[in-house]
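# Let's see this in three dimensions:
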Amino acid sequence: MIFGRGRAGTSFAAALAEVGWSIELVSSHSLDASARLTDAELVLLTVSDAAIGDVADRLAERHRSLTAVVAHVSGACDLDVLAAHPRVGSIHPLMSLPDAETGARRLLDRCTFAIDGDPLIDAVVADLGGRAIRVTGSRRALYHATASVAANHLTALCAQVERLAASVDVPVDAYWTMMRTTLENVEERGPGAALTGPAARADWPTIRSHLAALPSDEQRLYLVLCEGAATLAGHDLPDDLAAQLDGAPSTPTEPRFTTGSVATNASDSSKDRHT
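As a prediction, the model looks like this:
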């Protein structure tokens, strides 16, 4: 049984049904709605992180004889939010699930799942054809922060690319192609070897010219990521750029060059399972 009819719940319901599980998908407000809870092997809570503990506690109060594994799909929460139940687990797909159809397809496409708890969770991953990685305790918050960087922060960066592309009348799909090939390079060679551009070669005059050209509300994100790229390449930002990043009064916005463009700064699952 799956409690929660959002994107995660509907994606898991469709994916598990595809591989032979008998599924009942209900609202998290319907804890008394099903008479088949006693037959369930797995109760999956696909609610918001903030609601997991409350739903789990209410479920335990209403169904004291429940023997199913009660599991959540949160990447950040530990198992302690399920402490009211004797058998618990967690299964978080390292994948974005934008809607039920796309989500189910991605869950079935060799997806990686961060898991913890009861061995039944391993069987769920095996049925879905995925890869299980065990992430426990205090490591979960850092694991989930990394996932947020990979998905949410990348999306925010894409939004900046889209805005800037529109401001110079360049089709944004040209930048999407560039980004896809960059990710391929990172996967094949690693971030350090894949890094190119002015921060990689400590070309501070070019970076200053970029900042002068960027709208003021786009400069900070550019500079934060510029510092990250420079650090990856083994460089420190010059003092004026570091000060600008720290929020000090900015230096003149015109790019600064010296002769020769040198910067002025030196520096098995059974198919008969039930949820």
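# What separation do you get for Val186 and Gly6?
31 Å (CB to CB, to the nearest Å). C-beta here means a position set from N, CA and C on the backbone, and glycine is covered the same way.
# Over to Gly53?
Gly53 sits 17 Å away from Gly6 when distances are taken as CB to CB.
# of these two, who's got more company?
Gly53 (18 against 14; other CB atoms under 10 Å).
# for the more buried one, what are its contacts?
81-82 (CB atoms under 8 Å, 6 or more residues apart in numbering).
# Parallel or antiparallel, list what pairs with the lowest-mean-pLDDT helix or strand in the chain.
Every helix and strand in the chain was compared by mean pLDDT, DSSP states H and E; the lowest is strand 25-26, with a mean of 90. Taking DSSP bridges as the criterion, strand 25-26 sits next to strand 2-3 (parallel) in its sheet.
# Now the element after the partner strand, going C-ward?
helix 7-18 (DSSP states H and E).
# average pLDDT for that next one?
The average of the pLDDT scores along helix 7-18 is 97.
# Return the list of helices and strands in contact with that helix.
strand 2-3, strand 25-26, helix 100-107, helix 120-128 (3 or more CB pairs under 8 Å, 6 or more residues apart in numbering; DSSP states H and E).
# Nearest to Trp176, out of these?
Trp176 lies closest, by CB to CB, to one member of these: helix 100-107, at 17.9 Å.
# next one: that closest one to chain centre, how far?
Averaging C-alpha positions (CA atoms, centre = their mean, to the nearest Å) puts helix 100-107 16 Å from its chain's average.
# Would you mind listing the buried residues in it?
By neighbour count with 16 or more other CB atoms under 10 Å, helix 100-107 contains the buried residues 100, 103-104, 106-107.
# And stretch 229-244, by the same measure?
For stretch 229-244, burial by neighbour count (16+ other CB under 10 Å) applies to 229-230, 235, 237-238, 240-242, 244.
# Please enumerate the helices of this protein.
7-18, 49-62, 100-107, 120-128, 139-148, 154-167, 172-189, 191-194, 204-213, 216-233, 239-245 (DSSP state H).
# what angle separates the second one from helix 139-148?
Okay, so that is helix 49-62. Interaxial angle, helix 49-62 versus helix 139-148 (axes from the mean of the first three to the mean of the last three CA atoms, to 10 degrees): 130 degrees.
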